[in-house]
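Enquirer: sequence-free structure coming up:
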């Protein structure tokens, strides 16, 4: 009796913890659930596809970085273990690919001789060049709202990389009866509430919200060196994978460590269980 | 019990020398030999688990403080820098962040255990009250710590919670400004929250010491709930080591496995995604929710239509725990022998979980979707989380203030064994938990 009671209580507690996480996720508004993508880095043993990270960086660099900063990223990170341009023969700061990538980008600086503002080629130690000098300038150039920094975007949105992919590929024509404000676009994966803009049946308000960003990807927007066809879907997957790496760049190492930790705890637990059995062998309790 | 005979015999000259001056080895040895009720089940292992949680939080916290910058311009980036550039920083930070949740899982189980087995009853009132103090400090520490990463939920959570103080009539406003260090949440707030977040864990450690002192003064409670014999050589006792060190050790390993699953595979599952957006005082998140372990109290806060009333109810929900030893009128400690109270206890656990669930929902949302607006009672539709929360809140207080005193007087408890050895020898309680 007590045994079943206590088990029930324990099961309930842990279920509740799990449910509360789900509860927080649920209360997000009327957006569609992000579309499922079978990313290589999902699951307890998933790892990043280095080619995909390289393609994803290219999409970011050639498309997204025109408006979106990644202030927490430095070029050297591209060459660290697990990164898009990691090469086991070079430490991250001396990685020649990374140095070459950085050198193509001009970053603002101050001339030490004259004190004048100048630009110079970036080094691996530099942080990613931001498209705007500050949030005010970014907002002014983008209709009043600064484009979000993408450094941790996959951790800052429910759905992570799948959310990014769904936003990028989810643009569609607004259904009849939905009023779109100038400078806005309809995206069913965006959070929001469409009911004030909806003139149709009040029980069938379209899901999603408005997004100021125009569809950013068009087929062939970038050229891939590895011959991959740069379709919108492919580019969206690649850049989502790159952002998932950038937002949590030690995740492969983390999962690998976790596996070792769990194996260790399992063995330690088995040994402790048998010690327990031995010590309590002849003791009624 | 503290009056059990010391069995420590100093062997070497150094030990003898030290034992006469500072009997610290004797203290440790006596602790290990502590006569412990032999029938303690796995629900009693959470004390050791909680000690581990505190040590883990302090150890990881000290390292994090070496890299963290308590400045509104730098805090968010400094936390992310720990995750990216500090060697092993991602591990330390994820252990600390998830450690808070693990701490609360353990503390809630520990409290429900105390409630079920009547561990708060005479002569253990001080253990329970000190435990309530620890719980209160734990909530305060967790709240302060959640503000430090300076994400959206950090900022707006701090805004909502400190505003509650402002709801106190007359003195609320000056206290609010004093707490925040200014008229709004800003750099001064972050600095003092960091300072207090570093201080409080050591205050908790101090109260934990008192909690254990009181525990060793009167001895541990046990699942049968009877007072233990005075003679520490009674066969109702077993020495703490090795019997309970190995049992606690096994439980700790199981707990660490759960901990590891979160840290290594779902490190952000218990947090809110909005906290990875840097705090922006000009942009309110769509839905401000506290961390899961505060949700039941947050629900009680929102259940009361008046703001100050809500604050009072929320603090009363914790405050009522302090007087629990005097609310329970039953002479039987363990609910194992209190069939009526046991059922009410199970409902209470479900109610607490339900309050947590309600705390995460929008108050106006329908509990049963699809049937739409039903009957409106006072200020809200019956079919909303607002009213579900109110019903659950009513039971929460009813349980302590009415059922505890009343059922204790009315119910007929089952026969309680005369000693621990009795049910052990008849095999009645073999392997529970």
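Expert: Yes, it's here. The model shown is predicted, which means the values in this text are computed figures rather than measured ones.
Enquirer: show me the contacts for residue A:104.
Expert: residue A:121 (C-beta atoms under 8 Å, 6 or more residues apart in numbering or on different chains). From N, CA and C alone the C-beta is placed, and that goes for glycine too.
Enquirer: any idea how far it lies from chain B?
Expert: Counting by C-beta to the nearest C-beta, to the nearest Å, the gap from residue A:104 to chain B is 23 Å.
Enquirer: Tell me the predicted confidence for that residue.
Expert: Looking at residue A:104, its pLDDT is 95.
Enquirer: What's the separation between it and residue B:31?
Expert: 66 Å (C-beta to C-beta, to the nearest Å).
Enquirer: Closest approach to chain A from chain B, which residue is it?
Expert: Nearest to chain A, among the residues of chain B, is residue B:264, at 2.4 Å (C-beta to the nearest C-beta).
Enquirer: Near that residue, how many other residues are there?
Expert: A count of neighbours around residue B:264, defined by other C-beta atoms under 10 Å in any protein chain shown, yields 24.
Enquirer: so what's the residue nearest to it when sequence neighbours are not counted up against?
Expert: What sits nearest to residue B:264 in space, not counting adjacent residues and going by C-beta to C-beta, 6 or more residues apart in numbering or on different chains, is residue A:258, at 2.4 Å. Neighbour list for residue A:258: A:44, B:260-261, B:263-265 [criterion: C-beta under 8 Å, 6+ apart].
Enquirer: Quick check: residue A:258 is in a helix.
Expert: Yes: judged by DSSP: H, G, I helix; E, B strand; the rest coil, residue A:258 forms part of a helix.
Enquirer: Test my guess that the residue of chain B closest to chain A contacts residue A:253.
Expert: No: contact criterion C-beta atoms under 8 Å: residue B:264 and residue A:253 do not qualify, at 10.0 Å.
Enquirer: Quick check: the gap between the residue of the stretch 51-200 of chain A at minimum distance from chain B and residue A:57.
Expert: Going by C-beta to the nearest C-beta, chain B is nearest to residue A:156 of the stretch 51-200 of chain A, at 3.7 Å. Distance, residue A:156 to residue A:57, using C-beta to C-beta: 20 Å.
Enquirer: which residues of chain A fall in strands?
Expert: A:106-110, A:117-121, A:185-187, A:209-211 (DSSP state E).
Enquirer: So what touches the first one?
Expert: Strand A:106-110 is touched from outside by A:116-122, A:126, A:129, A:133, with contacts defined as C-beta under 8 Å, 6+ apart.
Enquirer: Now, of the residues you listed, which are buried?
Expert: A:122, A:126, A:129 (16 or more other C-beta atoms under 10 Å in any protein chain shown).
Enquirer: Grab the nearest non-local neighbour of the second one.
Expert: Spelled out, it's residue A:126. Leaving aside its chain neighbours, residue A:126 sits nearest to residue A:107 (5.4 Å; criterion: C-beta to C-beta, 6+ apart).
Enquirer: Tell me how many other residues crowd the one you found.
Expert: 17.
Enquirer: Quickly list what it is bridged to.
Expert: residue A:120 (DSSP bridges).
Enquirer: Let me know the pLDDT of it.
Expert: Reported pLDDT for residue A:107: 95.
Enquirer: that older thread, and the buried ones among the contacts of strand A:106-110, which is closest to residue A:34?
Expert: Nearest to residue A:34 among the buried ones among the contacts of strand A:106-110 is residue A:129, at 29.3 Å by C-beta to C-beta.
Enquirer: my read: that closest one touches residue A:105, true?
Expert: Yes: Residue A:129 is within contact range of residue A:105, at 5.4 Å (criterion: C-beta under 8 Å).
Enquirer: In contact with residue A:264, which residues are there?
Expert: If a contact means C-beta under 8 Å, 6+ apart, then residue A:264 has no contacts.
Enquirer: again with residue A:90
Expert: Counted by C-beta under 8 Å, 6+ apart, residue A:90 has contacts A:79, A:96.
Enquirer: Nearest to chain B: which residue in chain A?
Expert: Taking C-beta to the nearest C-beta, chain A has residue A:258 as its residue nearest chain B, at 2.4 Å.
Enquirer: distance of that residue from residue B:95?
Expert: Residue A:258 is 12 Å from residue B:95, by C-beta to C-beta.
Enquirer: where do the contact lists of those two overlap?
Expert: What both residue A:258 and residue B:95 touch, as defined by C-beta under 8 Å, 6+ apart, is the set residue B:263.
Enquirer: Apart from its chain neighbours, what residue comes closest to residue B:243?
Expert: According to C-beta to C-beta, 6+ apart, the nearest residue to residue B:243 is residue A:279 (6.2 Å).
Enquirer: Burial check on residue 58, number of neighbours?
Expert: No chain specified, so I'll use chain A. So residue A:58, with other C-beta under 10 Å, has 21 neighbours.
Enquirer: if you could check chain B rather than the one you did, that'd help
Expert: Quick note: residue B:58 (other C-beta under 10 Å) scores 16 neighbours.
Enquirer: One more: residue B:403?
Expert: 20.
Enquirer: residues touching the nearest residue to it once chain neighbours are set aside, list them.
Expert: Closest residue to residue B:403 apart from its sequence neighbours, by C-beta to C-beta, 6+ apart: residue B:344 at 5.4 Å. Listed by C-beta under 8 Å, 6+ apart, the contact set of residue B:344 reads B:399, B:403, B:407.
Enquirer: and the gap between residue B:344 and residue B:330?
Expert: From residue B:344 to residue B:330 the distance is 12 Å (C-beta to C-beta).
Enquirer: same question, residue B:238
Expert: In terms of C-beta to C-beta, residue B:238 sits 28 Å off from residue B:330.
Enquirer: Same question for residue A:152.
Expert: Distance, residue A:152 to residue B:330, by C-beta to C-beta: 53 Å.
Enquirer: residues from the stretch 51-200 of chain A in reach of chain B?
Expert: Residues of the stretch 51-200 of chain A found near chain B (C-beta under 8 Å from any C-beta of the partner chain) are A:71-72, A:77, A:148-149, A:151-152, A:155-158, A:191.
Enquirer: Dump those residues to TSV, plus pLDDT and distance to residue A:96.
Expert: Below are these laid out as TSV (pLDDT from 0 to 100; distance: C-beta to C-beta, whole Å):
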residue	pLDDT	distance to residue A:96
A:71	96	25
A:72	96	24
A:77	96	16
A:148	95	32
A:149	96	28
A:151	97	25
A:152	97	28
A:155	97	31
A:156	96	33
A:157	95	35
A:158	93	39
A:191	89	42
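Enquirer: Please list only the buried members of these.
Expert: Buried among those by 16+ other C-beta under 10 Å: A:72, A:77, A:148-149, A:151-152, A:155-158, A:191.
Enquirer: Now the two most distant members of those residues.
Expert: A:77 and A:191 (29.2 Å).
Enquirer: returning to what we had before: tell me which of the buried ones among the residues of the stretch 51-200 of chain A next to chain B fall in helices.
Expert: Of these, the ones assigned to helices by DSSP state H are A:155-156.
Enquirer: quick one on the thing from earlier: overlap in contacts, residue B:344 and residue B:330.
Expert: Common contacts of residue B:344 and residue B:330 (C-beta under 8 Å, 6+ apart): residue B:407.
Enquirer: Residue B:16 and residue B:8 touch, don't they?
Expert: No: contact criterion C-beta under 8 Å: residue B:16 and residue B:8 do not qualify, at 11.2 Å.
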